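Engineer: Sharing a sequence plus its predicted fold:
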Amino acid sequence: MKAVLIFNPAAGGRAERRELLERVRGALASVGYEGEIVATTGPGSAGAQVAGAVEVGARVVFACGGDGTVHEVMQGMVGTDAALGVIPFGSANALARDLGLPMDPVAAARMQGGFVPRRVPVGRVEIGDAVRYFAVMAGAGPDGALVYKMIAGDKRRLGRFAYYVRAGWMFVRRRFREFDVEIASGGRTETVRAVAAMVVRVADMGGLFRGLGDSVQRSLVGRMEMRVVIVRAPALVSLPLWFCTGWVGMLGWNPLVRVVSVDGFRCVPVGEARLDVQADGEWIGQAPVRVSLVEDGVWLLMPAQ
Ligand SMILES: Nc1ncnc2c1ncn2[C@@H]1O[C@H](COP(=O)(O)OP(=O)(O)OP(=O)(O)O)[C@@H](O)[C@H]1O
C-alpha cells in the first residue's frame, strides 16, 4: 500500500534521524507499506504537503515525530479517507503511548502490520475563522501560556525537561488571569469562571504532566466523548493542587477542579486579559476560542483489538 513518512527535519539529532527513518521505512515495507520519506518544508507546512500526497494516491500517512508532528499532519487528513499512522520520534509521544506503541520507532513501525484503520473523532478548535483539529489535548490558560513561552532551542536541547523548567518559572513569575468557560452539555449551557480549562483525550500524558487529564484516566481516543477539566481560582493554590491530586488519581477530591462531560465549550477572556490557547502542545492563538468534537474525524491506524 502506498504510504508517506513525514518528518520535521528541524527536530533534534538530524543525521541519526535520517538513518533511523530509512530503517523505519524498511520495517514498514516488511509489513506492506511502501513509503516515501518526505520532510516538512517549514512550520505548519505538513497539512498541505499531506493533503497533496493523499490527492496523488497515498493511502496512509505516517507522522514520524511527536504529538506536534501528528497535530500538523492531521490538519491535512480530516475529511479524507487516507489513514494516519504514528511513529514516535518525539519527546512526549502521548498519542503513540495511548495506542500501545513501543517508543523504539523501528519496533513501532513493525507493529503497524497488526494495526487497522478506524475512524475516530477528533477535537476541533476555532479561533475566529481559523479551525484546527487536535488528537491529544487542547486548553486555554497556563498550558497555552506555557506553550507560547517555550523557546524552540530549549526544547531541542532539553526535551521534556524544558517544559518542567518553564512551567516552574512561569508559576513563580506569572499572575494567572481568570476567564469565562461557557459549557454546552446535553442542550444546557452554563458559564463558570476559571484559571484553566483543558481537554485531554489520552489516558496518560506521560512524565510529570501525567495527572493533567481527568480522574477517570482512560483513553477517549476513538470515543465520541469529551471531558473538560476546569480549574478555579486561586491559581497559586489550585494549579499545584490540580497537578498533585491528578498525579495520585484523586482529581475528583479536589474542590477547586471540576471535570465535566461536554458537547463543547468556549473560553472567553475577561476584559483585556490575554488568554493563550494550545492544541496538542502547539500554540494556536488567543481566545475567544470554541472547542468541540468532530465525529468523523480521521482514519487512525489502531490496534486491531
Ligand atoms: N521544516 C520545518 N522547519 C522548522 N520548523 C518546523 C518544520 N516542520 C515543522 N516545524 C515546526 O516544529 C514544531 C514541531 O517540532 P517537533 O518536531 O520537535 O515537535 P514534536 O513532533 O511535538 O516532537 P516533541 O514531542 O519532541 O515535541 C512545530 O511547531 C512545527 O510547526
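Structural biologist: Received the coordinates, thanks.
Engineer: Show me which residues of stretch 183-195 are buried.
Structural biologist: Using 16 or more other C-beta atoms under 10 Å as the test for burial, stretch 183-195 gives 183, 194-195. For glycine as for every other residue, the C-beta is placed from the backbone atoms N, C-alpha and C.
Engineer: Nearest to the ligand among those?
Structural biologist: When these are ranked by distance to the ligand (C-beta to the nearest ligand atom), V195 comes first, at 25.0 Å.
Engineer: export the buried residues of stretch 183-195 to TSV and tack on pLDDT and secondary structure?
Structural biologist: Listed next are these as TSV, based on pLDDT from 0 to 100; DSSP: H, G, I helix; E, B strand; the rest coil:
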residue	pLDDT	secondary structure
I183	97	strand
A194	97	strand
V195	95	coil
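Engineer: Domains of the chain: list them as residue ranges, please.
Structural biologist: 2-120+299-303, 126-295 (automatic domain parsing).
Engineer: so of those, which one's packed in deepest?
Structural biologist: Most buried of the domains of the chain, by mean neighbour count (mean count of other C-beta atoms under 10 Å): domain 2-120+299-303, with a mean of 19.
Engineer: Quick check: mean pLDDT of it?
Structural biologist: What domain 2-120+299-303 shows for mean pLDDT is 95.
Engineer: what's the span of it from first residue to last?
Structural biologist: Distance across domain 2-120+299-303, first residue to last, is 20 Å (C-alpha to C-alpha, to the nearest Å).
Engineer: Please see if it touches the ligand.
Structural biologist: Yes - residues of domain 2-120+299-303 are located near the ligand by C-beta under 6 Å from any ligand atom, namely 8-11, 40-44, 65-69, 72, 90-92.
Engineer: closest to E295 among the buried residues of stretch 183-195?
Structural biologist: Set against E295, the nearest of the buried residues of stretch 183-195 by C-beta to C-beta is I183 (19.5 Å).
Engineer: I'd like the distance between that closest one and W242.
Structural biologist: From I183 across to W242, the span is 18 Å (C-beta to C-beta, to the nearest Å).
Engineer: do the same with P121
Structural biologist: Taking C-beta to C-beta, one finds P121 at 25 Å from W242.
Engineer: I87 too?
Structural biologist: In terms of C-beta to C-beta, I87 sits 32 Å off from W242.
Engineer: Same question for C267.
Structural biologist: 16 Å.
Engineer: Same question for C64.
Structural biologist: C64 is 33 Å from W242, by C-beta to C-beta.
Engineer: again, but for E36
Structural biologist: Taking C-beta to C-beta, one finds E36 at 43 Å from W242.
Engineer: same check, this time on V4
Structural biologist: From V4 to W242 the distance is 39 Å (C-beta to C-beta).
Engineer: and if you look at A279?
Structural biologist: 19 Å.
Engineer: Thought R124 was touching M74, still the case?
Structural biologist: No - the pair M74 / R124 is not scored as a contact, 11.0 Å apart, by C-beta atoms under 8 Å.
Engineer: what do the two both touch?
Structural biologist: By C-beta atoms under 8 Å, 6 or more residues apart in numbering, M74 and R124 have these common neighbours: 133-134.
Engineer: So which bits of the stretch 151-300 of the chain are right by the ligand?
Structural biologist: 281-282.
Engineer: Taking the stretch 151-300 of the chain, what residue is nearest to the ligand?
Structural biologist: Counting by C-beta to the nearest ligand atom, the stretch 151-300 of the chain gets nearest to the ligand through E282 (5.4 Å).
Engineer: So what does that residue have for phi and psi?
Structural biologist: Backbone geometry at E282, expressed as degrees, to the nearest 10, gives phi -110, psi 130.
Engineer: residues contacting V78?
Structural biologist: Contacts of V78 (C-beta under 8 Å, 6+ apart): 122, 133, 294, 297-298.
Engineer: Using a markdown table, lay out these together with secondary structure.
Structural biologist: Converted to a markdown table, the contacts of V78 look like this (DSSP: H, G, I helix; E, B strand; the rest coil):
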| residue | secondary structure |
| --- | --- |
| V122 | strand |
| Y133 | strand |
| V294 | strand |
| G297 | strand |
| V298 | strand |
